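Visitor: Below is the sequence, then the predicted model.
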Amino acid sequence: MKLLAKILLALTAALFVTASYAGTDASRGSAKYYKTFPDQWDGKKVHVDCASVKRINAGPQVEGVVFFGAHTIDDKNKGSGGSIVVAVLEGDVESFVRKYGTVMERTPGGSERVDNARLSGIFHQLERGHVYLDASGEANDLILAHKENAKGAIRHGDSVPAGGGDGKSSKRHRKHKR
């Protein structure tokens, strides 16, 4: 009977360990991977496989910081790895765009492979659902000083509904039933 109890305990522990990693099907170089468990990465340097970037012009902005949406590649699943917001200091914008490009490019020769570059930055979570990479490591202080504006820009970059991402829209965006 003791042997059966030990086996059941071991199986239960194995189940919990595998269940905690369920949903992390994305490869480590993708935005989806890091956004799955943001608490685990907060304040740590991470690397994503960036295929292209797009400047986020909508929503409130933070003075001295420019926000971009970085589109990533999931090498494991051979597809899109999702996108993540990247904070770049105003003085570094030109070199950032030149390095990562604004158009996704296919590898020459007609293959389905997409060119990408490794984008590194410090992963930060302002609050639930508002995550970004600080490409320079110096933008976070400016963002924290203007937290509400940063949340708005990040929300626009992650395509979160105007209501805040909690599944409820704001009154001005709600459709009325007739």
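Guide: That came in fine, so what should we check first?

Visitor: in this structure, which spans are strands?
Guide: 45-55, 65-74, 79-89, 117-127, 130-134 (DSSP state E).

Visitor: right, so of those strands, which gets closest to Ser30?
Guide: Closest to Ser30 of these, according to Cβ to Cβ: strand 79-89, at 2.6 Å. Heads up, the C-betas are built off the backbone N, CA and C, glycines and all.

Visitor: okay, the strands of the chain in TSV with mean neighbour count next?
Guide: Below are the strands of the chain laid out as TSV (neighbours: other Cβ atoms under 10 Å):
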stretch	mean neighbour count
strand 45-55	20
strand 65-74	24
strand 79-89	22
strand 117-127	17
strand 130-134	24
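
Visitor: out of those, which comes closest to Leu4?
Guide: Using Cβ to Cβ, those put strand 65-74 closest to Leu4, at 41.6 Å.

Visitor: between the closest one and strand 117-127, how many degrees?
Guide: For strand 65-74 against strand 117-127, the angle by axes from the mean of the first three to the mean of the last three Cα atoms, to 10 degrees is 120 degrees.

Visitor: related to what we said a few turns ago, now tabulate the strands of the chain in JSON lines and tack on mean pLDDT and distance to Ser27.
Guide: Formatted as JSON lines, the strands of the chain follow (pLDDT from 0 to 100; distance: least, Cβ to Cβ, whole Å):
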{"stretch": "strand 45-55", "mean pLDDT": "90", "distance to Ser27": "8"}
{"stretch": "strand 65-74", "mean pLDDT": "89", "distance to Ser27": "5"}
{"stretch": "strand 79-89", "mean pLDDT": "88", "distance to Ser27": "7"}
{"stretch": "strand 117-127", "mean pLDDT": "88", "distance to Ser27": "13"}
{"stretch": "strand 130-134", "mean pLDDT": "88", "distance to Ser27": "17"}
